[in-house]
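> here's my sequence, what's the structure:
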Amino acid sequence: MYLTAHHIRTEDGLEDVHAFLYRHQGPVPRNSKNHRPNLALISTEQPGTLIRQSVVLPSGGNSVESYLDFAAEDEALVALFEQTFQKILGSISDDSSFVQIFDLDVAAEFYVSPRVLRNGQTKHSEAQRLWTAARELLATDAGTQPLVARVEPTAEGKVYFLDEASARRVRRILGEDWRRPRVSITPEVRSEFDRLHGSIFPHLATVLTGLKEPEIEDLGGIEFLDATTGQRLYPTR
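Residues are numbered from 1 along each chain as shown. As a prediction, this is how the structure comes out:
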């Protein structure tokens, strides 16, 4: 699988993010020495078969202001890409506009041009913009890929909220006026709820999405991921 998102700028100054998803329908090309996905070869010569794309601006004469590339086996789960993207965010530094992540299961690369940064974007916000487009394309292609709720620590406990791609999927069902909630819970409240009612996660799923449990299942279910580590907190399969 080759998943890529590009921040495109036309000669007329129009800008948007384009995303493309390719599948190799077989083993992904790998480096003969370390057996990791060969992202350089995949991105330039062997991307696979184009499965889905999100394109707004006409092609031809465009410049690429930033890009986010992933390469992995076709059956790779969204959670693997999510975890790798978190590694990219953690590797971004002030003195470099280029980040590479190479693991046995996935290879990834992020680049942002100085011009984007001069226009007020940060490296982290630009990476997040690209990831939102890429993940939405991946989830749309999968059809049954789960919604994703992120869990972040706060001074009082934890805050729970849908990621942007999942919020867009819910918004298509509930309408443009729907706004994704953020739910903050202290350890004491979480412990008491679990004691009285069992796991709090199924309840949070309905609160965060505004959907009933069968509707959530029709969308592929929901995963709660630790925003810091990428670890799946629920379901724990």
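> show me where the protein dips below the pLDDT cut-off.
Scanning the chain for pLDDT under 70 picks out 140-144, 236-237.
> buried residues in the helix or strand encompassing Val151, which are they?
Assigned by DSSP states H and E, Val151 belongs to strand 147-153. Using 16 or more other Cβ atoms under 10 Å as the test for burial, strand 147-153 gives Leu147, Val148, Ala149, Arg150, Val151. C-betas here are computed from N, CA, C, even on glycine.
> give the other helices and strands that it contacts.
strand 158-162, helix 164-174, helix 201-209, strand 222-226 (3 or more Cβ pairs under 8 Å, 6 or more residues apart in numbering; DSSP states H and E).
> I'd like those as JSON lines, with mean neighbour count and distance to Leu68 appended.
Shown next, in JSON lines, are these (neighbours: other Cβ atoms under 10 Å; distance: least, Cβ to Cβ, whole Å):
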{"stretch": "strand 158-162", "mean neighbour count": "19", "distance to Leu68": "21"}
{"stretch": "helix 164-174", "mean neighbour count": "17", "distance to Leu68": "13"}
{"stretch": "helix 201-209", "mean neighbour count": "18", "distance to Leu68": "26"}
{"stretch": "strand 222-226", "mean neighbour count": "22", "distance to Leu68": "18"}
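> Ala134 is nearest to which of the ones you listed?
Minimum separation from Ala134 across these (Cβ to Cβ) falls at helix 164-174, 8.8 Å.
> list the beta-bridge partners for Ala71.
Using DSSP bridges, the bridge partners assigned to Ala71 are Tyr2, Ala107.
> who's in contact with it?
Residues counted as contacts of Ala71 (Cβ atoms under 8 Å, 6 or more residues apart in numbering) are Met1, Tyr2, Leu3, Val28, Pro37, Asn38, Leu39, Ile42, Ser43, Val106, Ala107, Ala108.
> could you check how far the last one is from Ser63?
Spelled out, it's Ala108. Taking Cβ to Cβ, to the nearest Å as the measure, Ala108 and Ser63 are separated by 22 Å.
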